[in-house]
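Peer 1: I'll drop the sequence and a predicted model, then ask my questions.
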Amino acid sequence: MQTGGKIFRGDVRLNVNLPNGDETGFLPAQNASAFQIVVPEPEVTERISKMRDTAGQVLDAVSEVQPHQLNITFDGFNGTLLATAFNGALNTYSTDAVTGGAAQILARVGAGVSVGHYNISNVVVKDDNAGEPGTTTFTLGEDYTIEARLGLVVALADGLITEGELLHITFNAAAADGDVIRGAAVSEITASIIFDGIDKVSGQSMIGEFDRVVLSGSGNFDFLADEFNAVEIVGRVITLEGATEPYRLRFPNAAA
């Protein structure tokens, strides 16, 4: 390692362990603004003298290193890394198209009630007769409106639908698929991490190798923020069985 002051810049990559036992491979935590190794105070156990001539003095002391922690902040990510911010799991979802679907809902005047599907069309709203369509067909724009993308039916205040009235809805719904993050679904997220760094003062490369890190989200994620969102995760480094340390910081002699 070259002597002198240090200003590091670098890239963070996380290889996340998936619930099915697979790994993602090393994914870039893009534009990391913080990569901190937090070194806690060691835990010191002391044997204090209570003897007459040495009372209060330390007779023996044992210092034990406490687990180190990583604090990582970055503002470019994919779904798997975003999921870590919410202690979540990334999955995919798909729903089939629905033709002639039916739902019973209790009307709420001025508020939307879901029919249980998104992206609905061909909506017909009737009164309900023991689970079947009744004889009254309500009028779109006069008695109710729909928010088709969210699958909501909204009873209008000046229409014929009364608060709490049982309605029978028929509709079509488009097929849909995509990614879903199941927030707070995972008690423990683990990953191996590589930090590919450089000392901007000397130009010397530095590679940080973290064998196993137990991760969890930290801080707030504001979906309505005016600036780019950043993900904050913290992790406790773990020593693998047979290893003598949980991580290594390498400083190659030649540029790498």
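Peer 2: Received the coordinates, thanks. Please read all numbers here as calculations on a predicted model, not as lab measurements.
Peer 1: where along the stretch 1-150 of the chain do the strands fall?
Peer 2: 8-17, 23-38, 43-48, 58-64, 69-76, 89-95, 98-106, 112-114, 120-129, 132-137, 144-147 (DSSP state E, counting those that start in this stretch).
Peer 1: out of these, the one nearest G164 is which?
Peer 2: G164 lies closest, by CB to CB, to one member of the strands of the stretch 1-150 of the chain: strand 98-106, at 5.5 Å. C-beta here means a position set from N, CA and C on the backbone, and glycine is covered the same way.
Peer 1: the closest residue in space to K126 that isn't next to it in sequence: how many residues sit nearby?
Peer 2: Closest residue in space to K126, ignoring its immediate chain neighbours: P133 at 4.4 Å, by CB to CB, 6 or more residues apart in numbering. Neighbourhood size, P133 [other CB atoms under 10 Å]: 17.
Peer 1: OK, contacts around P133?
Peer 2: When contacts are counted by CB atoms under 8 Å, 6 or more residues apart in numbering, P133 touches V124, K126, D127, H168, T170.
Peer 1: list of residues touching the helix or strand harbouring I198?
Peer 2: Taking DSSP states H and E as the criterion, I198 maps to strand 189-199. Residues outside strand 189-199 that contact it (CB under 8 Å, 6+ apart) are 2, 6-17, 26, 35, 70, 83-84, 87, 204-216, 235, 238.
Peer 1: please apply the same query to stretch 73-91.
Peer 2: Counting by CB under 8 Å, 6+ apart, 12, 14, 16, 19, 24, 27-34, 179-187, 189, 215-217, 221, 228-233 sit against stretch 73-91.
Peer 1: of those, select the buried ones using a PyMOL command.
Peer 2: Applying 16 or more other CB atoms under 10 Å to the contacts of stretch 73-91, the buried members can be selected in PyMOL as follows:
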select buried, resi 12+14+16+27+28+29+32+181+186+189+215+216+217+230+231+232+233
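Peer 1: which of the contacts of P133 has the most neighbours?
Peer 2: The most neighbours of any of the contacts of P133, using other CB under 10 Å, belong to H168, which has 20 neighbours.
Peer 1: which non-adjacent residue is nearest it?
Peer 2: Excluding the flanking residues, the one nearest H168 by CB to CB, 6+ apart is D128, at 4.1 Å.
Peer 1: got it, and T162?
Peer 2: In space, and not counting its chain neighbours, T162 is closest to A107: 6.9 Å by CB to CB, 6+ apart.
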